[in-house]
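Trainee: Quick check, what structure comes out for this input:
(2 chains)
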Number of protein chains: 2
Amino acid sequence: MPERTGSNKQPTIREVALRAGVSPMTVSRTLSGGESVRPDVQEKVLRAVRELGYHRNENARSLRPGHRSGLIGVAITNLGNPYYGNFALGVEEVAAQHGRRIIIGSTGEDPLRERQLVSDFIGRQVEGLVLVPSGESVDHLSADRLGGVPLVLASRSLEGLDVDSVLLDDVGGAADGTRVLLDAGHTRIAFLGNARSVFTGERRFEGYVRALAERGLSPRDELVERGQQDVASAEVATRRLLDLEHPPTAIFSANNRNTIGALREMGRRLRAGESVDAMPALAGFDAFELAELMPVPVTIIDHDPQELGRQAARLLLARLDVDRAAGHGKTIEMPVRIVAAN
Amino acid sequence: MPERTGSNKQPTIREVALRAGVSPMTVSRTLSGGESVRPDVQEKVLRAVRELGYHRNENARSLRPGHRSGLIGVAITNLGNPYYGNFALGVEEVAAQHGRRIIIGSTGEDPLRERQLVSDFIGRQVEGLVLVPSGESVDHLSADRLGGVPLVLASRSLEGLDVDSVLLDDVGGAADGTRVLLDAGHTRIAFLGNARSVFTGERRFEGYVRALAERGLSPRDELVERGQQDVASAEVATRRLLDLEHPPTAIFSANNRNTIGALREMGRRLRAGESVDAMPALAGFDAFELAELMPVPVTIIDHDPQELGRQAARLLLARLDVDRAAGHGKTIEMPVRIVAAN
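Mentor: The predicted structure is shown next:
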């Protein structure tokens, strides 16, 4: 039980420090995530915090001139996709090491929602923003509109903004994945991808086209299905491809939602008695669980969403803690790996 | 471009309302998520917000007496598990409908981290808390310590706290799942589960024991593997089970991390040339993608994490907006469904 009796008197950080036998700075560091504080000392501090019923008032702190809110706003496109959960986990990990906490919001690929979310984050005086952009518009993201709050773009870039970005090697990865299918002798290779407005979708299509061109091939309209943002629509698109009079013998898929949709449709056909030899080979961006148990050969263009999140956070923290104003926006392109899943 | 020139003068909500030709209340509602504001009116308001470069200062608002911060703190155990991403999405959905935003933190099943996170949330003056508890301790969660901020527990309950909780029918679901295996003729049924300290793990083990008892069976020590919190350790535990002189002919798994670990180990054996008929049947809690393509029969105890999140948010918002102090903590137990995955 707390020992104080008058519930209006809030204990101070000095009282906590005194009780724990440490400095106020150690109390502060412990409550900011415990970076560089020994676990046994943290335990002592937190015991004192509990016994006194102490709470930092973060909002009041953030309004003192020169004080930081300690919040980083993270806007992702879909919290329900494990890819973005892991991405946010990477941002959170690095942010916590620097005494920051993240606020997460999901835009659902809706530019209007993104605009509201960014405005709301700024209103909450976040110190920095990490954004997976959901559209092509940039007017709500100018330095002016953000009031000078640093912004890092992740996974997708935007024309006309001079900010730091962390991207994947989308073009190279898609070309390499397509080459695996070409090397296995396929020439009718279909493409499954998300909306044209999505930056990664466009870049991955470019990689697919480039690999085909190296072998003197070009994409065929009837084998290109774009615009699928979820598993259900990817399943329908795959059904249309496999129902063609001359179906593709292989599929390149631009992300894991499309890959899983393709596999679901193949599973449906196998259960209906079709032969596994009649199914197309598959290569796709993004790892997914249990890929090694799939009944058809699957090639993965693999990368680490958590590391992407860490990199984005590192770029942001460098702006915050080191050289906020220094230099133009940097773009880091992270490598991908081609893996035979099964 | 913003039309104001002096960058220190912040425009007011009245100026935004005037420019958009709406009331200040409509501006406020639009910026709180747009509940009950027509899309075209929202677009008009946001255009005025952009043109004037207006930002709400949420922190300053929250310090005015009687004003609300509009933040709900959500502490989950692992942001990288899609289950919890979907859970958070459900909380966010209902919170946004009521003009609230969520802050998410991940405890990594670490009670010390949970304590820091809760203290931090309270310091940021969250209006309410949704927590998936990671331990058994409750002292940091008493109404006193939370300063009267309402708390809802999700997925797991805690002894000694009179708060609202949303649980799954863990015992009934585990018993039903185990009965499917018993009905198929299995009597050597292993159990894979997470740490004993995890509430759901304990309840699901209880369901498994109950179903065995109905057939005059009791759990055998060598067939019970508990304490696996991730896929890798579940894989190792499954390997030990299948290497027994008398291996189990079926496995009941208490969550999707354990189920996927079991399937990975089976996949390894199949690729090494073992017969699919030598693999155990599997029943497990939690749906997962591509279950229908697994080479062994899989029974799923299915439920909807997003709906669990929505329910938790609804309980919290009822406390916040309707009857904060009214009545004792309620417990809602959500039903589960038994599904043959393949």
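
Trainee: how about the residues of the stretch 151-300 of chain A near chain B?
Mentor: Within the stretch 151-300 of chain A, the positions adjacent to chain B are A:231, A:260, A:263-264, A:267, A:271, A:288-290, A:292-295 by C-beta under 8 Å from any C-beta of the partner chain. C-beta coordinates here come from the backbone N, C-alpha and C atoms, glycine included.

Trainee: Scan these and report the most crowded one.
Mentor: Among those, the one with the most neighbours (other C-beta atoms under 10 Å in any protein chain shown) is A:L263, at 30 neighbours.

Trainee: Could you report the neighbour count for the residue lying closest to A:R115 once chain neighbours are set aside?
Mentor: When the adjacent residues along the chain are set aside, A:R115 lies closest to A:H140, with 4.8 Å between them (C-beta to C-beta, 6 or more residues apart in numbering or on different chains). Neighbour count for A:H140, taken as other C-beta under 10 Å: 19.

Trainee: and if you look at A:A20?
Mentor: By the other C-beta under 10 Å criterion, the neighbourhood of A:A20 contains 23 residues.

Trainee: Would you reformat the residues of the stretch 151-300 of chain A next to chain B as a markdown table and include secondary structure?
Mentor: Output for these, formatted as a markdown table (DSSP: H, G, I helix; E, B strand; the rest coil):
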| residue | secondary structure |
| --- | --- |
| A:V231 | helix |
| A:I260 | helix |
| A:L263 | helix |
| A:R264 | helix |
| A:G267 | helix |
| A:R271 | helix |
| A:F288 | coil |
| A:E289 | coil |
| A:L290 | coil |
| A:E292 | helix |
| A:L293 | helix |
| A:M294 | coil |
| A:P295 | coil |
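
Trainee: which one of those is nearest A:Y54?
Mentor: A:E289 (42.4 Å; C-beta to C-beta).

Trainee: Quick check on the closest one: phi, psi?
Mentor: Backbone dihedrals for A:E289, given as degrees, to the nearest 10, come out at phi -70, psi 140.

Trainee: how about it, what does it touch?
Mentor: Residues counted as contacts of A:E289 (C-beta atoms under 8 Å, 6 or more residues apart in numbering or on different chains) are B:V231, B:I260, B:F288, B:E289, B:L290.

Trainee: Reformat these as JSON lines; add pLDDT.
Mentor: Listed next are the contacts of A:E289 as JSON lines, based on pLDDT from 0 to 100:
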{"residue": "B:V231", "pLDDT": "92"}
{"residue": "B:I260", "pLDDT": "95"}
{"residue": "B:F288", "pLDDT": "89"}
{"residue": "B:E289", "pLDDT": "88"}
{"residue": "B:L290", "pLDDT": "92"}
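
Trainee: ranges for the strands of the stretch 151-300 of chain A?
Mentor: A:151-154, A:164-168, A:189-193, A:224-226, A:250-253, A:281-285, A:298-302 (DSSP state E, counting those that start in this stretch).

Trainee: between those, which one is nearest to B:L129?
Mentor: When these are compared for distance to B:L129 using C-beta to C-beta, the nearest one is strand A:151-154, at 28.2 Å.

Trainee: before we move on, back to that, could you dump the strands of the stretch 151-300 of chain A to CSV with mean neighbour count and mean pLDDT?
Mentor: What follows is those, written out as CSV (neighbours: other C-beta atoms under 10 Å in any protein chain shown; pLDDT from 0 to 100):
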stretch, mean neighbour count, mean pLDDT
strand A:151-154, 26, 96
strand A:164-168, 24, 96
strand A:189-193, 26, 97
strand A:224-226, 19, 96
strand A:250-253, 31, 98
strand A:281-285, 26, 96
strand A:298-302, 23, 96
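
Trainee: Distance to B:L242 for those strands - can I get that in TSV?
Mentor: Listed next are these as TSV, based on distance: least, C-beta to C-beta, whole Å:
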stretch	distance to B:L242
strand A:151-154	41
strand A:164-168	38
strand A:189-193	36
strand A:224-226	41
strand A:250-253	33
strand A:281-285	29
strand A:298-302	25
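
Trainee: B:R50: which of the ones you listed is closest?
Mentor: For B:R50, the closest of the strands of the stretch 151-300 of chain A is strand A:151-154, at 15.9 Å, according to C-beta to C-beta.

Trainee: can you list contacts of the closest one?
Mentor: Contact with strand A:151-154 is made by A:87, A:128-133, A:141, A:161, A:163-166, A:308-309, A:312-313, A:315-316, A:319, as judged by C-beta under 8 Å, 6+ apart.

Trainee: same deal with stretch A:43-51?
Mentor: For stretch A:43-51, using C-beta under 8 Å, 6+ apart, the contacting residues are A:2-3, A:16-17, A:19-22, A:26-27, A:30-31, A:37, A:54, B:112, B:115-116, B:119, B:139-140, B:145.

Trainee: pLDDT of that stretch, averaged?
Mentor: Confidence over stretch A:43-51, taken as the mean pLDDT, stands at 79.

Trainee: List the buried residues of it.
Mentor: Neighbour counts over stretch A:43-51 (16 or more other C-beta atoms under 10 Å in any protein chain shown) mark A:E43, A:K44, A:V45, A:L46, A:A48, A:V49, A:R50, A:E51 as buried.

Trainee: Distance from that stretch to the middle of the chain?
Mentor: For stretch A:43-51, the separation from the chain centroid amounts to 35 Å (computed by C-alpha atoms, centre = their mean, to the nearest Å).

Trainee: One more: stretch A:267-276?
Mentor: Relative to where its chain is centred, stretch A:267-276 has its mean C-alpha point 34 Å off (C-alpha atoms, centre = their mean).

Trainee: Can you give me the end-to-end span of it?
Mentor: End-to-end distance of stretch A:267-276: 9 Å, with C-alpha to C-alpha, to the nearest Å as the criterion.

Trainee: List the contacts of it.
Mentor: A:E235, A:L242, A:A278, A:M279, A:P295, A:V296, B:L290, B:E292, B:L293, B:N342.

Trainee: Packing partners of the helix or strand hosting A:L320?
Mentor: A:L320 is located in helix A:305-321, with elements delineated by DSSP states H and E. Of the remaining helices and strands, those touching helix A:305-321 by 3 or more C-beta pairs under 8 Å, 6 or more residues apart in numbering or on different chains; DSSP states H and E are helix A:82-97, strand A:128-131, strand A:151-154, strand A:164-168, strand A:331-334.

Trainee: what helices or strands is the last one leaning on?
Mentor: Other elements packing on strand A:331-334 under the criterion 3+ C-beta pairs under 8 Å, 6+ apart are strand A:164-168, helix A:305-321.

Trainee: For that strand, what does the pLDDT average out to?
Mentor: Along strand A:331-334, the predicted confidence averages to a pLDDT of 94.

Trainee: how far out from the middle of the chain is it?
Mentor: Averaged C-alpha coordinates place strand A:331-334 at 14 Å from its chain's average position (C-alpha atoms, centre = their mean).

Trainee: C-terminal to that strand, what's the next element?
Mentor: Proceeding C-terminally, strand A:331-334 gives way to strand A:337-340 as the next helix or strand, assigned by DSSP H and E.

Trainee: Buried ones in that following strand, by neighbour count?
Mentor: Of the residues in strand A:337-340, none is buried under the neighbour-count criterion (16+ other C-beta under 10 Å).

Trainee: neighbours around whichever residue of the stretch 101-250 of chain A sits closest to chain B, how many?
Mentor: Distances between the stretch 101-250 of chain A and chain B by C-beta to the nearest C-beta are smallest at A:G123, namely 3.7 Å. Here the neighbour count serves as a burial measure; for A:G123 (other C-beta under 10 Å) it reads 19.

Trainee: State the pLDDT value of it.
Mentor: Reading off the per-residue confidence, A:G123 sits at a pLDDT of 77.

Trainee: cool, and A:V16?
Mentor: 87.

Trainee: how close does it sit to B:L112?
Mentor: In this structure, A:V16 and B:L112 are separated by 17 Å, where distance is defined by C-beta to C-beta, to the nearest Å.
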